[in-house]
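*Asks:* Sequence plus predicted model, see below.
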Amino acid sequence: MFKVLIYNFYLLISIIGLNEINQEKIPLIIDSDTANELDDLFAIARAVSEPKFNILAINSAQFNNSPLATSNSVMESQLLNEKILRILNRKEIILPLGSNKRLVNYESPQSSEASELIVRKAHEMKKGEKLNIAVLGPCTNVASAIIKDPSIVPKIRVYYLGIWHNPKTNFYNKKEFNTGNDPIALEVLLNSKGLDFNLMSATTSQKLIFLKDEVELNFSNNSSLGSLLINRWESFNRWWTKEDPDKNKWIMWDLALIEAIASPKLAISKTFFTPDENVKREIKIYTLIDVNEMKKNFWSKIKRYNEL
């Protein structure tokens, strides 16, 4: 009986300790159009390897504007999310299915498992805490969550990869792939007063470039993760550009955002007013990233999965 009591005591202490550790971590949901190209996979692998993150879920997102997309592009993203988490042996991370349709107006959400989860997790945040959401594709799922329940706005912090932006003139160019996959969804976020909105522009993130040689060099021959990333690199049809036909390098747009969240000192964020056509309010935009340190960070953190 005494041994049982001792065991239960230590078990309770362990659970309390784990809860305290999780409370200190950054509560994060990743929303990703993973099958769109390659960089999402690198970003997810990096996020999963970050000890500061408490990843609550990885949502799948559509990318219907791509000429390579099937009629169910969100399921393509879903299947890749499942595949990479199997390889990383992180099956405890839930994978809610997002919407396969973009918003058609500002009043009607495209409800999905992903948007429902965002609402639920936002309301689970304690006073003074915010649910962090890293949007690596269109804003469909998080915008739908806000439309359905606007009361979550002060409880969430959104990081978005998209838009071209000139910091010198504060000029926004919304003709960008992620934005184009759901223009109305982005407008919902920009017009949501009180929303903590952080933008990693395509202008800034395009500077984070990986070379194929360095990727092959850093992954061991028996790495399942390396095989997934390299095979995707080699097989994916980079339809948007004719430059670098041998695909010797790749822009890691989404990875830049994940690195900025994980290591704020590696990215400079400044406050700007929203575009003229939107509700006038302040948002934060990343204007500069430390490319070399971000790459070092990635390889340092990812090495724990190199043999998987």
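*Replies:* Received it, and whenever you're ready, just let me know what you need.

*Asks:* make it CA atoms for all contacts and neighbour counts henceforth
*Replies:* Noted.

*Asks:* Test my guess that residue 174 contacts residue 166.
*Replies:* No: assessed by C-alpha atoms under 8 Å, residue 174 is found out of contact with residue 166, at 11.7 Å.

*Asks:* separation between residue 181 and residue 67?
*Replies:* Separation of residue 181 from residue 67 (C-alpha to C-alpha, to the nearest Å) stands at 12 Å.

*Asks:* Which of those two has more residues huddled nearby?
*Replies:* residue 181 (23 against 9; other C-alpha atoms under 10 Å).

*Asks:* who touches the more buried one in this structure?
*Replies:* 62, 63, 64, 65, 102, 138 (C-alpha atoms under 8 Å, 6 or more residues apart in numbering).

*Asks:* where in the protein is pLDDT low?
*Replies:* Residues of the chain meeting the criterion pLDDT under 70: 1-23, 307-308.

*Asks:* Check whether the nearest residue to residue 167 once chain neighbours are set aside sits in a helix, strand or coil.
*Replies:* In space, and not counting its chain neighbours, residue 167 is closest to residue 287: 6.7 Å by C-alpha to C-alpha, 6 or more residues apart in numbering. Put simply, residue 287 is strand when judged by DSSP: H, G, I helix; E, B strand; the rest coil.

*Asks:* Isn't residue 287 up against residue 268?
*Replies:* Yes: between residue 287 and residue 268 there is a contact at 5.9 Å, judged by C-alpha under 8 Å.

*Asks:* higher neighbour count, these two?
*Replies:* Legend: neighbour count by other C-alpha under 10 Å for residue 287 and residue 268, higher for residue 287 (20 against 14).

*Asks:* how about the helices in the stretch 201-308 of the chain?
*Replies:* Under the criterion DSSP state H, counting those that start in this stretch, helices of the stretch 201-308 of the chain are mapped to 202-205, 212-218, 224-235, 253-262, 291-302.

*Asks:* okay, these, which one's buried deepest?
*Replies:* By mean neighbour count, with neighbours taken as mean count of other C-alpha atoms under 10 Å, helix 253-262 ranks first of the helices of the stretch 201-308 of the chain at a mean of 25.

*Asks:* Which residues are in contact with residue 306?
*Replies:* Residues near residue 306 by C-alpha under 8 Å, 6+ apart: 219, 220, 223, 224, 225, 226.

*Asks:* next one: residue 135
*Replies:* Residue 135 neighbours (C-alpha under 8 Å, 6+ apart): 30, 31, 32, 158, 159, 160, 161.

*Asks:* what about dumping the CA coordinates of the helix or strand that contains residue 74 to CSV?
*Replies:* Using DSSP states H and E, residue 74 sits within helix 73-87. Listed next in CSV are the C-alpha coordinates belonging to helix 73-87 (Å, rounded to 0.1, in the frame of the first residue of the first chain):
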residue,chain,number,x,y,z
SER,A,73,-6.5,20.3,-52.5
VAL,A,74,-7.1,20.4,-48.8
MET,A,75,-7.0,16.6,-48.6
GLU,A,76,-3.7,16.7,-50.5
SER,A,77,-2.4,18.9,-47.7
GLN,A,78,-4.0,16.7,-45.1
LEU,A,79,-2.3,13.5,-46.4
LEU,A,80,1.1,15.2,-46.4
ASN,A,81,0.6,16.4,-42.8
GLU,A,82,-0.2,12.9,-41.8
LYS,A,83,2.9,11.5,-43.6
ILE,A,84,5.4,13.9,-42.1
LEU,A,85,4.1,13.4,-38.6
ARG,A,86,4.4,9.7,-39.0
ILE,A,87,8.0,10.1,-40.0
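
*Asks:* what's the next secondary structure element after that helix?
*Replies:* helix 113-124.

*Asks:* Okay, the residue nearest to residue 213 when sequence neighbours are not counted and residue 46: tell me how far apart.
*Replies:* Of all residues not flanking residue 213 in the chain, residue 248 sits nearest, at 7.4 Å (C-alpha to C-alpha, 6+ apart). Counting by C-alpha to C-alpha, the gap from residue 248 to residue 46 is 21 Å.

*Asks:* Neighbour count: these two, which is higher?
*Replies:* residue 46 (21 against 13).

*Asks:* Am I right that the more buried one is in a strand?
*Replies:* No: Residue 46 is assigned helix when assessed by three-state DSSP, not a strand.

*Asks:* who's in contact with it?
*Replies:* 255, 258, 259, 298, 301, 302.

*Asks:* what does residue 40 give?
*Replies:* By C-alpha under 8 Å, 6+ apart, the contact set of residue 40 is 32, 33, 34, 136, 254, 255.

*Asks:* make it 6 Å
*Replies:* 34, 254 (C-alpha atoms under 6 Å, 6 or more residues apart in numbering).

*Asks:* Good, we can wrap up now.
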